[in-house]
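Q: prediction below, plus the sequence it came from.
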Amino acid sequence: MRRLWRGLAIFLFGGMLGTGLGVALGFFLFPFVFPPPPAAETLLDSDRAALFATGTFIHATPSDPIHWGRGKVTVYERAVFLEPDFEVGPGPAYHVYLVPKSGIRSEADMKNVMFVDLGRLRAFKGSQRYAIPAGVNLKDFPSVIIWCERFSVLISPADLTPAAR
C-alpha cells in the first residue's frame, strides 16, 4: 500500500512539474512559433514636414542571440517612425522608449533614467508610427530604444543624429 501512495505522489508531482514547465516554455516560445504579421503603417503627411532626427537600431549585446534589433528609425516633431526595414527578435511586452541618454548598450545604462514610453511595440517587423506626447522636448532625448518591460531587458538601442536644418 505504501508503494502505491509513493508511486501516486511521484506521478502527481511529475505531472505538476511537467505542466508548469510546459506552460513556461509555451509562454517563451509562443512569439517565435506564432509571430504577428509584419506591420505596414504609413507616416502622415503632416509628420513628414518636421524631420527632427534619424538613427539605426543595433544589436547591443552580440553574445545574446535572442535580444537583437536592426533597421532605421526616423523622429519627427510629432511621431517616431520605425522604417520598413525595422526588425527585432520576438518576445513579450516590448515597448518603444524615448531616452534622455545616448550610448545605451545594456540594462545597467537604464538604471535611474527617466524615459517617455511611446507604447507597446505592435509588430516585430515592419514600419510603425508612434505619436510623441505633447510637451516632450525632443532635444532632451538623443535615443530611441526597444525595451522588454516584463523582464527589464534592453532589446535594441538607436542613437539619434539630428537632421540638418
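A: Ah, there it is. Residues are numbered from 1 along each chain as shown.
Q: lowest confidence element among the helices and strands of the chain?
A: Ranked by mean pLDDT, DSSP states H and E, the weakest helix or strand in the chain is strand 39-40, scoring a mean of 64.
Q: now the strands for the chain?
A: 39-40, 51-57, 69-76, 79-82, 87-88, 94-99, 116-120, 126-131, 143-148, 153-162 (DSSP state E).
Q: neighbouring contacts of the second one?
A: Read it as strand 51-57. 69-77, 86, 88, 138, 142-144, 146, 156-163 (CB atoms under 8 Å, 6 or more residues apart in numbering). (Glycine included, C-beta is placed from N, CA and C.)
Q: how does it look with 6 Å?
A: For strand 51-57, the surrounding residues in contact (CB atoms under 6 Å, 6 or more residues apart in numbering) are 69-77, 138, 156, 158-163.
Q: quick one, the longest helix along the chain and strand 94-99 angle?
A: Secondary structure of the chain read by DSSP state H shows that its longest helix is helix 2-33. Angle between the axes of helix 2-33 and strand 94-99 is 60 degrees (criterion: axes from the mean of the first three to the mean of the last three CA atoms, to 10 degrees).
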